[in-house]
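Student: Only the shape, not the letters, is given here:
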């Protein structure tokens, strides 16, 4: 099945501190901790059967755009998020001082 994750709405569930994307009755998440100046991206999880379809990338784009919109520096503690930022230099200006990916 072909899936276009950009057609799905990513929600920022501030109560649970995570971005959520619901697909086929399953929820993919990118968890975070937000401070006044930083967004710590702590964990990304895509349910089995939905992996490799661009869902985690859509979560990453949304989280990073949120950081940009709110002038937050990003600390990508999650290996997926760090790898995403490494592969996409257009987001690297958001990295917190001293962070190397």
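Tutor: Alright, I've got the coordinates. Owing to the predicted nature of the structure, the values given are computational and were not obtained by experimental measurement.

Student: can we go C-alpha only for contacts and neighbour counts from here?
Tutor: Fine.

Student: can you pull out the helices in the chain?
Tutor: Secondary structure of the chain, counting by DSSP state H: helices at 55-69, 79-87.

Student: got any ranges where this structure has weak pLDDT?
Tutor: Scanning the chain for pLDDT under 70 picks out the ranges 1-3, 5-6.

Student: hmm, try it at 50
Tutor: In the predicted model, the chain carries pLDDT under 50 at residues 1.

Student: Could you single out the most deeply buried of the helices of the chain?
Tutor: Neighbour counts (mean count of other C-alpha atoms under 10 Å) averaged over each of those peak at helix 55-69, with a mean of 20.

Student: Show me what that one is packed against.
Tutor: Judged by 3 or more C-alpha pairs under 8 Å, 6 or more residues apart in numbering; DSSP states H and E, helix 55-69 is in contact with strand 10-13, strand 18-23, strand 26-34, strand 38-45, strand 73-76, helix 79-87.

Student: I'd like to know which of these lies nearest to residue 98.
Tutor: When these are compared by C-alpha to C-alpha, strand 73-76 sits nearest residue 98, at 9.8 Å.

Student: for the closest one, packing partners?
Tutor: For strand 73-76, the packing partners by 3+ C-alpha pairs under 8 Å, 6+ apart come out as strand 38-45, helix 55-69.

Student: What's the separation between residue 66 and residue 59?
Tutor: From residue 66 across to residue 59, the span is 11 Å (C-alpha to C-alpha, to the nearest Å).
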